[in-house]
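Undergrad: here is a sequence with its predicted model. Questions after.
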Amino acid sequence: MFFLTLCLYRCEGDMAGFEVHRGKLRVYFQYQGEKCREPFGPDTPEMRERAKGFAQVLDYELAAGTFDYARHFPSSRRVARNTFGHYLEAWLKSKEREVAASSIRSYRNKSRKHLEPKWGHRQIHTIEHTEIREWIADELNYLASKTIKEVVAIFSQVFELYVASVKATYNPAAGIIVKLPDAQDPDPFTLSEIEKITNTATHRPQPMNLMRYAIWDGPRLSEAIALCWEDVEDLEAGMVRYRHALVEGGWKVTKTKRSSRRHRLLKPAREALLEQHKITGDLAPITVEIVDRDNRTKRKHKVRPVFLNDQGRPFSGDQAVREKFWRAHLKLAGVRYRGPGNARHTFISQMLSTGLVPIHWIADHVGHSSIQMIQQRYGKWIHADGPDIHQAVEKLLDL
């Protein structure tokens, strides 16, 4: 069927007008560099006159910068596409191809809780800088500074997507800086606390072996619970390599290329691994799907995890270790609580305290990205707790 579109009223250049399309009137106008068309009503002489006057109103508002799309056309699909919520969802979808699943869950949780209720329905171009500042000061004030910073970062990135999409020049979230408090110093376990932890009897040897291993090798806990017997190259010598991590039940490759590393274990970690081999060393492999560093590529592998929970499955993450074993074990041992991730701090601080282990060796061993960061975060163990280096050198060189 052939439908005739007849232009009835048109102004010069990019000005507004109206036309007949499929027997009904619609107005057209230029907005944000695009030609827009919206239904106006039935094609009658009276409605044509009204459409002509409405087109003149649109011309005036567009020229004056007072045009509000949602006010004139609240049911328009363009209005729905121009809400903050629309661009927020588009941003979240784009991030699914860029970041890990755990990061996407964090983004979505913050968006659903803090951004959508306040801004989701708003036409994005109407949001102003002062509104955002007031919202942060009044409605987000109860949150930790780190959480506020993360929420504002999402807000700003959504606006960056909008600015790029419509070729706008103004991001109202630009220039908003959320300051964070100084990072707390690491709070590692002391040697006497380590002795209490490892000497306290337990009927759950697997998580105990896991924590003994973590304390004396310093991996991220996500790397330790993803360790497989395929990664143990020489059990007796304690030669292992880290290739994977387990975060919130999902397998992935290590955090960075530097995190993929191979090294020899210290004696206490090696002993924990030997003990664990008696429990899981001969179990059948399981099939897992491992996400590559691009957060898109997935490959299935047969693996034999070293450490398993009470149900005979790999630990889903640090929370499972913390709440189902670690917290209660520290209480039983009479040791002040620190999270299981503190094992990494403990290993680094113990190595630095000797005064003899080079910082670059420690950084390589734990897969740390920055020697300078180790110096900054663990400086007091380097300077305060180390032995007399001069005496050690004199003894080694027989001076």
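TA: Arrived safely, thanks for sending.
Undergrad: looking at the closest residue to residue 310 other than its chain neighbours now. What's its pLDDT?
TA: Closest residue to residue 310 apart from its sequence neighbours, by C-beta to C-beta, 6 or more residues apart in numbering: residue 204 at 7.1 Å. For the C-beta atoms, the positions are set from N, CA and C on the backbone; glycine is no exception. Note on residue 204: pLDDT of 94.
Undergrad: so residue 204 makes contact with residue 326?
TA: No - applying C-beta atoms under 8 Å as the test, residue 204 and residue 326 come out as separate, 10.6 Å apart.
Undergrad: of the two, who's got more company?
TA: With neighbours defined as other C-beta atoms under 10 Å, residue 204 and residue 326 compare such that residue 326 has more, 25 against 14.
Undergrad: for the nearest residue to the more buried one once chain neighbours are set aside, give me the pLDDT.
TA: Leaving aside its sequence neighbours, residue 326 sits nearest to residue 340 (C-beta to C-beta, 6+ apart; 4.7 Å). Listed pLDDT for residue 340 reads 95.
Undergrad: again with residue 167
TA: Here, the pLDDT recorded for residue 167 equals 78.
Undergrad: measure the residue nearest to it when sequence neighbours are not counted to residue 228 for me?
TA: Distance criterion C-beta to C-beta, 6+ apart; nearest residue to residue 167, sequence neighbours excluded, is residue 33 at 6.4 Å. Separation of residue 33 from residue 228 (C-beta to C-beta, to the nearest Å): 55 Å.
Undergrad: the more surrounded of those two?
TA: Legend: neighbour count by other C-beta under 10 Å for residue 33 and residue 228, higher for residue 228 (21 against 9).
Undergrad: test my guess that the more buried one contacts residue 302.
TA: No - the pair residue 228 / residue 302 is not scored as a contact, 9.5 Å apart, by C-beta under 8 Å.
Undergrad: got the phi/psi numbers for the residue nearest to residue 326?
TA: Main-chain dihedrals, residue 340, degrees, to the nearest 10: phi -60, psi -30.
Undergrad: let's verify residue 336: helix, strand, or coil?
TA: coil (DSSP: H, G, I helix; E, B strand; the rest coil).
Undergrad: show me the shaky parts of the protein.
TA: Applying pLDDT under 70 to the chain picks out residues 1-14, 79-80, 382-399.
Undergrad: centroid residue for it?
TA: The centroid of the chain falls nearest to residue 103 when counting by C-alpha atoms, centre = their mean (3.1 Å).
Undergrad: please identify the helix or strand for that residue.
TA: Using DSSP states H and E, residue 103 sits within helix 101-110.
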